[in-house]
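S.K.: I would like the atomic coordinates for the input below:
(2 chains)
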2 protein chains.
Amino acid sequence: MTIQPVKGTRDFYPREMAVHNWIVDGWKKISLRNGFEEYDGPIFEYLKMYQVKSGDEIVEQLFSLTDRGGRDLALRPEMTPTLARMVNQQINSLPKPIKWFSVPRLFRAERPQKGRLREFFQWNIDIIGVDDVLADAEVIFTTIDYLRQVGLTSTDIKVKISSREFLAGFLKSIGIPEEKLGDIYVLLDKSAKLPPGVFEELLREQVPDKTISGKILDFMVEQSIEQVRDLTAPNESTESALENLGNVFNYLESMGVGDFCIFNPGIVRGLAYYTGIVFEVHDAVGELRAICGGGRYDNLLKDFGGPSIPATGMGMGDCVLEILLREKGLLEKQLPAGSIDYFVAYVDESYKNQAIRITMELRSKGCSANFSYKAAKLNKQLKQASDQNARKCIIIGQEIESNQLAVKDMTSGEQKLVNLDEFNA
Amino acid sequence: MTIQPVKGTRDFYPREMAVHNWIVDGWKKISLRNGFEEYDGPIFEYLKMYQVKSGDEIVEQLFSLTDRGGRDLALRPEMTPTLARMVNQQINSLPKPIKWFSVPRLFRAERPQKGRLREFFQWNIDIIGVDDVLADAEVIFTTIDYLRQVGLTSTDIKVKISSREFLAGFLKSIGIPEEKLGDIYVLLDKSAKLPPGVFEELLREQVPDKTISGKILDFMVEQSIEQVRDLTAPNESTESALENLGNVFNYLESMGVGDFCIFNPGIVRGLAYYTGIVFEVHDAVGELRAICGGGRYDNLLKDFGGPSIPATGMGMGDCVLEILLREKGLLEKQLPAGSIDYFVAYVDESYKNQAIRITMELRSKGCSANFSYKAAKLNKQLKQASDQNARKCIIIGQEIESNQLAVKDMTSGEQKLVNLDEFNA
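M.R.: Alright, predicted model coming up:
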């Protein structure tokens, strides 16, 4: 019987695992230095948790299952609903603001393609309990802190920032009714991925009035905050949104990452629950999907049966990131070399127990060590040591009769005799 | 809408996550120093992969799902089938022996109870390509290396070792036919968990001949290798098995962990694919389920369409381990304290941008730092610093006008003025 892996999943052999660990370790390190605490939740939740607030695209792509008790479950396609559930459950005992991060494994039954798999990892950071857009700016800073740390510069990537609050105000000011906003967000979110003609056609299906759809097309073009303000009939909601947008850019300037950030009214985000600042990070060339995205979702915890509490966050998948880092030549050279401290070789089967004992003592003392399972020819054992990237090779030969070992430095090739005591506990 | 977590799953709030990370980091560190390389596979595989070789109990407890393409999948209940599939796929290019470890998240639809959840983590180590029981001994050593590292002694825990090869030889020598062995293994594996009367009754259902079932009951009692040898009509297979058992104990003695290890013919293991040495680690009191278990499975890769290649391994779940470590008082005191390097406070809203800038510069330099989102009363900000376990608190007050900051050591309480330059990039 030969069995294949399931389409859209990945096998992490040691080489791929080293890449994965390097990415995840970086996410964790940057989260911790930015003051976030780690959490995690279950791989599956009740299906209905995603049907309510995640938006149609996510619901269509759910991996769902029914357990033996007849419960309808789904593999988590995103982390935010779990976060909202967990925070709501302990809302009274958790110190605020809550700054949490996680690196969940997520599942979406999409058509596998470049940068999109059915099973992937996503770095999530969230700040709950701060209504000041300072928290949005901090989420964006933390995102940049990571991308800058792995070597990406402000010429490689851009953080494109907009506001759902402003977009909603604009759309309502030109006559779009509240109940149509959700569908329009989903469509506008796809605008950059669709051929211009197709997008315009789909927009006219949603908004038959050509004057109104024309205004939306004018709005979506990359331009300054001042220019979009001029397109809008000002009202309380748009004025407050523009003030927030201005503040977020000021904060990002204070944080020293202003050069990474630009305003782009075409950023909408597909998820249904965003309410304020939204952003995406894109490679400057624009040939890949978004590296990450996020925004403010002030109503989600309340929608999930909790209190009304402001929240903002970001999610970054591992697939597009890895492609970009490889393309920029930033991945291979930063990977830590897999190596061991010692390899223990022996020239005769009669020294095997000595070799075993020395290896295990080295390990017990905290050194990484391997040994040969057989007294193969010394050259073969040295090759094994070299293949395993051992820093030193201990060779047990007849000198062991006078309590001595040969220790070979695998980098310099230098070899010297050392007393056995040095390798005893 | 209020949504509950699914029965048998866990939420890892930062406090639980710290425990989880400490356990997993320990597993990884010990694996690496014992010369294992990390790998991982997908969360789900084709259902049939588990139906073939995992044994009935695992198959009954599978979380299965059908994807949109009509494929029958299952959440992985154990890691070994994925390991076998992955190794077979690259059998010609992988250097042998293969020493791999993984910390997969696994899923079994069991009745949740003490030490058993539907979703758990399991440390796996495997050595593929070594037929010498030296590899079995090394797997056992690595297991003990971890348990000893976290503070468990040979009076707290015992590694109980037996041999499927010997058990098979014994059962056949007393007249049990080959095709009944599988069912008898499953029953014998449960013997310690069943009330003696119930076990004996179930055994007599499988083996109606009282002389034969009596011999099996005699065999299962804790006793020496010599004693079980006397119960057996010696044949080639039992003699080879006994030699292997003797060798494994000799190797464990050389490795310096002989005091942890005892022979126990009652150790059988439930999984169908074991072929040689089998072992379990139990708490000495015997009140918990097995902490871990493993053994040799020389036919599995071949059964999965690969070459005939020997293999041995171990799996340790996180649930029973955590219970034992808590009971022994070994958990809380070894957890690293969650702390940050700096908390940045400021006495007036006009210093907010300075606070933001200093915080972000500290982070960019690699320090962990948090700040107050508001110029709250200084006492309140100091309490926040203390709640977050900050080592130092920077206070921005009017001294900033002369380019100075107060830096308070949160342990000693000492406070001094420092030039702003020291906190600039």
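S.K.: tell me where the stretch 151-300 of chain A has helices.
M.R.: A:164-173, A:181-189, A:196-206, A:210-220, A:225-231, A:236-254, A:300-303 (DSSP state H, counting those that start in this stretch).
S.K.: winner for burial among those?
M.R.: Greatest average neighbour count among these goes to helix A:164-173 (a mean of 22), per mean count of other C-beta atoms under 10 Å in any protein chain shown. Yep, even glycine has a C-beta here, placed from its N, CA and C like the rest.
S.K.: what parts of the stretch 251-400 of chain A come near chain B?
M.R.: Taking C-beta under 8 Å from any C-beta of the partner chain as the contact definition, the stretch 251-400 of chain A meets chain B at A:251, A:254-257, A:303-305, A:338, A:340, A:353, A:356-357, A:360-361, A:363-364, A:366-370, A:373-374, A:387-388.
S.K.: buried among those? Make that a PyMOL selection.
M.R.: Buried residues within these, by 16 or more other C-beta atoms under 10 Å in any protein chain shown, are selected in PyMOL with:
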select buried, chain A and resi 251+254+255+256+257+304+340+356+357+360+361+363+364+367+368+369+370+373+388
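S.K.: and the residues of the stretch 251-400 of chain A next to chain B, which of them are in strands?
M.R.: A:340, A:369-370 (DSSP state E).
S.K.: which one of these is nearest chain B?
M.R.: A:N370 (3.7 Å; C-beta to the nearest C-beta).
S.K.: where does chain A dip in pLDDT?
M.R.: Applying pLDDT under 70 to chain A flags residues A:1, A:424-425.
S.K.: longest strand in it, by residue count?
M.R.: strand A:119-128.
S.K.: need the contact partners of the helix or strand containing A:R15.
M.R.: In the assignment (DSSP states H and E), A:R15 maps to helix A:14-33. By C-beta atoms under 8 Å, 6 or more residues apart in numbering or on different chains, the surrounding residues in contact with helix A:14-33 are A:10, A:12, A:38, A:101, A:103, A:121, A:123, A:125, A:142, A:145-146, A:149-150, A:316, A:318, A:321-322, A:331, A:334-336, A:338, B:37-40, B:100, B:363, B:366-369.
S.K.: chain neighbours aside, what residue packs nearest to the residue of the stretch 201-350 of chain A found nearest chain B?
M.R.: Closest contact between the stretch 201-350 of chain A and chain B, by C-beta to the nearest C-beta, is at A:G305 (3.5 Å). Spatial nearest neighbour of A:G305, excluding adjacent residues (C-beta to C-beta, 6 or more residues apart in numbering or on different chains): B:T2 at 3.5 Å.
S.K.: show the buried residues in the contacts of helix A:14-33.
M.R.: Buried members of these, scored by 16+ other C-beta under 10 Å, are A:10, A:12, A:38, A:101, A:103, A:121, A:123, A:125, A:142, A:145-146, A:150, A:316, A:318, A:321-322, A:331, B:37-40, B:100, B:363, B:367-369.
S.K.: next step: these restricted to helices.
M.R.: A:142, A:145-146, A:318, A:321-322, B:363 (DSSP state H).
S.K.: which of those residues sit farthest apart?
M.R.: A:E322 and B:R363 (24.1 Å; C-beta to C-beta).
S.K.: run a quick neighbour tally on the closest residue to chain B within the stretch 51-200 of chain A.
M.R.: Residue nearest to chain B within the stretch 51-200 of chain A: A:L65 (3.8 Å; C-beta to the nearest C-beta). When counting by other C-beta atoms under 10 Å in any protein chain shown, one arrives at 21 neighbours for A:L65.
S.K.: follow-up on the earlier one: pairing partners for the longest strand of chain A, with directions?
M.R.: In the sheet, strand A:119-128 lines up against strand A:98-102 (antiparallel), strand A:105-107 (antiparallel), strand A:311-317 (antiparallel) (DSSP bridges).
S.K.: what's the shortest one in contact with?
M.R.: This means strand A:105-107. Applying C-beta under 8 Å, 6+ apart, the external contacts of strand A:105-107 come out as A:43, A:63, A:75-79, A:118-122, A:317, B:43, B:105.
S.K.: quickly list the domain ranges of chain A.
M.R.: A:14-334, A:340-423 (automatic domain parsing).
S.K.: out of the ones you listed, the one nearest B:L202 is which?
M.R.: Among the domains of chain A, domain A:14-334 sits nearest to B:L202 (C-beta to C-beta), with 23.9 Å.
S.K.: okay, how far is it across the closest one, tip to tip?
M.R.: Across its full length, domain A:14-334 reaches 16 Å between end residues, using C-alpha to C-alpha, to the nearest Å.
S.K.: same question for stretch A:363-378.
M.R.: Length of stretch A:363-378, first residue to last, C-alpha to C-alpha: 22 Å.
S.K.: contact partners of that stretch?
M.R.: A:339-349, A:351-352, A:355-356, A:358-359, A:362, A:381, A:384, A:388, A:390, A:395, A:425, B:32-35, B:97, B:99, B:130, B:132, B:134-135, B:145, B:148, B:256.
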